[in-house]
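Student: sequence and computational prediction follow.
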Amino acid sequence: MIGIVIQRLALQFILDVILFPIWWYTEGLRRVSLGLWNNLQDTNLTLSPGLWLKNIFKPMYGQTDFQGRLMSFFMRTVNFIGRSIALVLWFTILMFVLVFWLIIPVFVMFMIVRVYIMQ
């Protein structure tokens with residue numbers, strides 16, 4: 001009985017080690033990509049630069065005089081530029097996370113080879 005359990009555990013361990021890279025670059029990559037995409041969409045909803053651009057010519061606080069409209073335009077323009085830059089920076093960070101996800105197994109294998117074989 002114990003021999004069968006040990007045999008199954010050993011077989012499962014070997015299969016997990018062999019199939020891990022396949023999972024990492026298929027299902028794991030899909031999950032990470034989907035999570036990053038959802039994070040980018042949430043960040044876009046939070047920053048919503050499109051909403052600021054859509055309302056760029058509407059006066060803030062109901063001030064319809066020339067100075068109020070001019071100030072609203074410049075404030076919304078600066079706000080739109082700042083939020084767009086923040087969104088682009090966040091997208092860049094998320095792309096670095098994705099690239100890091102792809103590089104991790106290669107880096108680990110390189111370090112294992114370097115430590116155990118190159119000594």
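Tutor: Cool, the structure landed.
Student: so how far is Leu98 from Asp65?
Tutor: Asp65 sits 49 Å away from Leu98 when distances are taken as C-beta to C-beta, to the nearest Å. Every residue, glycine included, has its C-beta placed from N, CA and C.
Student: repeat that for Gln67.
Tutor: As it turns out, when the distance is counted by C-beta to C-beta, Gln67 lies 47 Å from Leu98.
Student: in terms of neighbours, single out the busier of those two.
Tutor: Here Gln67 and Leu98 are set side by side on neighbour count (other C-beta atoms under 10 Å), and the busier one is Leu98, at 16 against 8.
Student: which SSE is that one in?
Tutor: The secondary structure element spanning Leu98 is helix 66-116 (assigned by DSSP states H and E).
Student: measure how far that helix is from the centre of its chain, please.
Tutor: On the basis of C-alpha atoms, centre = their mean, to the nearest Å, the separation between the geometric centre of helix 66-116 and that of its chain is 9 Å.
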